[in-house]
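> Starting from these lines, generate the structure:
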Amino acid sequence: MSGTLDTQELVGALKAAAEPTRLRILLLLAAGELNVKDLTQILGQSQPRISRHLKLLAEAGLIERFREGSWVYFHVSDRTEGGRLVRRLLDTVDPRDPILLRDGERADSQKREREATAQDYFRAHAADWDRIRALYVSENAVDAAIVKAFDGAPFNFLVDLGTGTGRMLELFADRYTRGLGLDVNQSMLAYARSRLKTAGLAAAEVRHGDIYDLALPDRVADAVVMHQVLHYLSEPALAIREAARILAPGGRLLVVDFAPHEIEDLRARHAHERLGFEDRQVVSWLKDAGLSGVEVQSLAPDATDARQALTVSLWRASKPDVAVQPASKSQKLERIAP
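The predicted structure follows:
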């Protein structure tokens, strides 16, 4: 399904949703990703029955599934017309329905348990992250440069790829109508949900997402951020191409990561695939993805702080209104004004 639904597709989508248990499932999956075990506990129904309902909803193009380790999770699709139709229909459901209220309470209880587990995990690793943050300029300086890179413009739809703790969604909270953070780590997502809820950011949501295969339509976002993500990836060029795909014409992509360095401990102990990136390499990936107007800024470490050894780089590019050919690699790079 894409763009519009023909008569047969529309009837199929409505039939799939027009069953009490499946409607309850759709309402739960519109609020976040859940697996079969979660749904059996919330709905009080057997695993075979829940699986059968999920199969029908997936076949109708209303939900999507993804695997994380040995678990399979489900969510309402954002890239099919059937999924978008369902979201519009769910907006008309009375949230005061006693059955739906009970479902929501049980789902919230599950989320609180996961948030508590995630909090324990982050507390256990806090010292490691503090040590890494001490290797580069202050987060306040990086945040200020990130905000300035978008020139104060408001966003209709901001997508944060590799959202982690949801910091970028918090940083731009007063700028977007809708903010979406995607990550593959459920512990991270649970922690991010807790932070966003505490901050009262109703316009922001986070959910599971494959950075190489985003469950979003083409040209849907007017801003995409990839903050300290590339160095974890085995195929950063593919991730940039996918980010460019979801950018609307005139939309901007901002990549924030480290310049080349030789701190092998980050690879050995913290799963960094890459020890930083050359400007020309990232610029080449951006242009190969069809983006233009590439600008670069570097935040060098504080010379008076012996702990700091990493330079943070920001690469910004825009989606042109018409397709452009990749520019020559010899083209001079513009610099973002400090």
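> Is it correct that residue 231 is in contact with residue 257?
Yes: Residue 231 lies in contact with residue 257 (Cβ atoms under 8 Å); the separation is 5.7 Å. Placement of C-beta: from N, CA and C, glycine included.
> Please say which of these two ends up with more neighbours.
More crowded of residue 231 and residue 257, by other Cβ atoms under 10 Å: residue 257, with 22 against 19.
> nearest spatial neighbour of that one, skipping sequence neighbours?
residue 230 (4.7 Å; Cβ to Cβ, 6 or more residues apart in numbering).
> Mutual contacts of residue 231 and residue 257, please.
Taking Cβ atoms under 8 Å, 6 or more residues apart in numbering as the criterion, residue 231 and residue 257 both touch 276, 277.
> any idea how this structure splits into domains?
Following the assignment in automatic domain parsing, the chain carries domains at 7-93, 127-335.
> which stretch in those domains is the model least sure about?
Ranked by mean pLDDT, these end with domain 127-335 at the bottom, a mean of 86.
> and the residue nearest to residue 243 when sequence neighbours are not counted, what is it in contact with?
Leaving aside its chain neighbours, residue 243 sits nearest to residue 224 (4.9 Å; criterion: Cβ to Cβ, 6+ apart). Going by Cβ under 8 Å, 6+ apart, residue 224 touches 158, 159, 160, 161, 243, 246, 247, 251, 252, 253, 254.
> now swap in residue 179 and tell me
Residues counted as contacts of residue 179 (Cβ under 8 Å, 6+ apart) are 155, 157, 158, 159, 160, 169, 172, 173, 201, 203, 204, 205.
> Next step: those residues restricted to strands.
155, 157, 158, 159, 160, 204, 205 (DSSP state E).
> Tell me how many other residues surround residue 8.
Residue 8, neighbours per other Cβ under 10 Å, totals 8.
> I'd like the numbering to begin with 5 instead of 1 from here.
Okay, residue one is now 5; in that scheme the one you just asked about reads as residue 12.
> Output the helix or strand containing it as CSV, restricted to C-alpha atoms.
Using DSSP states H and E, residue 12 sits within helix 11-21. In CSV, the C-alpha atoms belonging to helix 11-21 read as follows (Å, rounded to 0.1, in the frame of the first residue of the first chain):
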residue,chain,number,x,y,z
THR,A,11,-11.5,-0.3,-2.7
GLN,A,12,-10.3,-3.8,-1.9
GLU,A,13,-7.4,-2.6,0.3
LEU,A,14,-9.7,-0.2,2.2
VAL,A,15,-12.3,-2.9,2.9
GLY,A,16,-9.5,-5.3,4.0
ALA,A,17,-8.0,-2.6,6.3
LEU,A,18,-11.4,-1.8,7.9
LYS,A,19,-12.3,-5.5,8.3
ALA,A,20,-9.0,-6.2,10.0
ALA,A,21,-9.6,-3.3,12.5
